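Colleague: Provide a 3D model corresponding to the input given below.
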Amino acid sequence: MSDSPDSLPVEQVLRARRARQLLLAGHATWVGAITAILRAYDPAGVGLSRDPHEYAPEAESIAERLGDAASAGDAERICVDVFRFWFGAVTGRMHARLTRASQAIWATATADDKTIPR
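Modeller: Predicted coordinates:
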């Protein structure tokens, strides 16, 4: 059996979503900060939309994993992995923008360590 969301039992998907919500609960400010950084650097080149939640799913995925990062390089690898999942290949301009965004995310995270979900 595949582990794709289409092949998982509904209950398992709902449990996973609830676990993610609990992990991110209380970290709306942190997810918002990551979202703002991603919107500012626009790594995928989607353009500035009026939707303030553009990049919110990616920011949540990054916030979920950033607690395991020990360096700016770790943060960049996490960001690249997340964007590869959401957008496919990460090359050229996207990678350069994502590198700068991940540096800003890491700088924000290390300025106030308490904001990183662990």
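Colleague: Without its sequence neighbours, what residue ends up closest to Arg97?
Modeller: Excluding the flanking residues, the one nearest Arg97 by C-beta to C-beta, 6 or more residues apart in numbering is Pro43, at 4.1 Å. Placement of C-beta: from N, CA and C, glycine included.
Colleague: List the buried residues of the helix or strand where Glu58 lies.
Modeller: Using DSSP states H and E, Glu58 sits within helix 56-66. Buried residues in helix 56-66, counted by 16 or more other C-beta atoms under 10 Å: 56, 58-66.
Colleague: before we move on, back to that, now do the SS call for the residue nearest to Arg97.
Modeller: Three-state call for Pro43 (DSSP: H, G, I helix; E, B strand; the rest coil): coil.
Colleague: if we can go back for a sec, and the helix holding Glu58, what does it pack against?
Modeller: helix 10-24, helix 28-41, helix 72-87, helix 92-111 (3 or more C-beta pairs under 8 Å, 6 or more residues apart in numbering; DSSP states H and E).
Colleague: can you put those in JSON lines and add mean pLDDT and mean neighbour count?
Modeller: Below are the helices and strands packed on helix 56-66 laid out as JSON lines (pLDDT from 0 to 100; neighbours: other C-beta atoms under 10 Å):
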{"stretch": "helix 10-24", "mean pLDDT": "68", "mean neighbour count": "11"}
{"stretch": "helix 28-41", "mean pLDDT": "89", "mean neighbour count": "19"}
{"stretch": "helix 72-87", "mean pLDDT": "94", "mean neighbour count": "18"}
{"stretch": "helix 92-111", "mean pLDDT": "93", "mean neighbour count": "17"}
